[in-house]
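Trainee: Structure of the sequence below:
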Amino acid sequence: MTAETRDSIRTAVITGASAGVGRAAARQLLAMGWRVIGTGRDPARCAEAAAELASERFTLLSGDFALLADVARVAAEIAGLAPRIDVLCNNAGGVQATRRVSPEGQEATFAANHLAPFLLTRLLLPNLAPGARVIATSSDGHAHSPGIQWDDPGLAEGWQSGRAYCQAKLANVLFTRELARRYGDAGLIAHALHPGTVASNFASHCEPGMKAYMDSIMDRAIAPDEAARALVRLATDPAVGTVNGRYFEGLDETPPAPAGQDDAAAARLWALSETLVAPYLPAASATMRNSS
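Mentor: Alright, predicted model coming up:
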């Protein structure tokens, strides 16, 4: 693909594009003529996705988003491939069966589900085109978190996989809210999405109690392709671009839980996140492309 061709079509970045909702969303956007840059962690799933979605408009990068150094490396690769990004889908995430702390000192659930998309978005701000959209794949599980544990976001005390996951999904909603507040005037649109209960391998990574709960609701699970339609709608529908900082369940906008509407908590989470990812941020604060 020539540089001229790349500049003439819209570009979406989708994390977690090697499987599930992310792969389905990549497939749908490619069918709509978009260029897609995806990321994935597992080498086998990355190979499968690359083979299935083989196209000169599709690139798949590998990285473990529980590691902030990997996020920074992948962000640099994306920036080199795509000087202009129209949509950033922060879709990667997951749950851990046991508490795991990365070599960087971060609890893996909080790192992969929140700190990774926070850092990736911050690093790619200069590449986001005017009117770009940033979509966070969250969960209705955010409603089960009473709030961010400010003094212990890694939950060294009382860690449970469901508790850690729900807190991270609340962080997605709060990050979306603050991102829209900070950059909405520059044209950025940010939304959070609960795509529904999706038939995937998600529950296989849970501790027994959470796995039992997930198994109990599988009768209402939807296919990844159906869930991806909601993600693609938020990425492309002009009507969704007339509102900002909202939370959707499937195709329907709905208020998030009260903890997800706390503007003071959203601002505090941004400040905490900046501190935690500071070693990987540029010395100068990033700004959106063509924004003041």
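Trainee: average pLDDT for stretch 232-241?
Mentor: Here stretch 232-241 scores 96 as its mean pLDDT.
Trainee: swap in stretch 98-111?
Mentor: 97.
Trainee: Using PDB, write down the CA coordinates of that stretch.
Mentor: Taking Å, rounded to 0.1, in the frame of the first residue of the first chain, the C-alpha atoms of stretch 98-111 are listed here in PDB:
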ATOM      1  CA  THR A  98      -4.600 -15.400  40.500                       C
ATOM      2  CA  ARG A  99      -3.100 -12.100  41.500                       C
ATOM      3  CA  ARG A 100      -0.100 -11.500  39.400                       C
ATOM      4  CA  VAL A 101       2.300  -8.500  39.600                       C
ATOM      5  CA  SER A 102       4.400  -7.600  36.600                       C
ATOM      6  CA  PRO A 103       8.100  -7.000  36.700                       C
ATOM      7  CA  GLU A 104       7.200  -3.300  36.500                       C
ATOM      8  CA  GLY A 105       5.400  -3.600  39.800                       C
ATOM      9  CA  GLN A 106       1.800  -3.400  38.500                       C
ATOM     10  CA  GLU A 107      -1.000  -5.800  39.200                       C
ATOM     11  CA  ALA A 108      -1.800  -7.400  35.900                       C
ATOM     12  CA  THR A 109      -5.600  -6.800  35.800                       C
ATOM     13  CA  PHE A 110      -5.300  -3.100  36.500                       C
ATOM     14  CA  ALA A 111      -2.400  -2.800  34.100                       C
END
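Trainee: Now do that stretch: everything it contacts.
Mentor: Contacts with stretch 98-111, where a contact means C-beta atoms under 8 Å, 6 or more residues apart in numbering, come from 65-69, 94-96, 115, 153-156, 159, 161, 164-165, 167-168, 171, 207, 276. (Glycine included, C-beta is placed from N, CA and C.)
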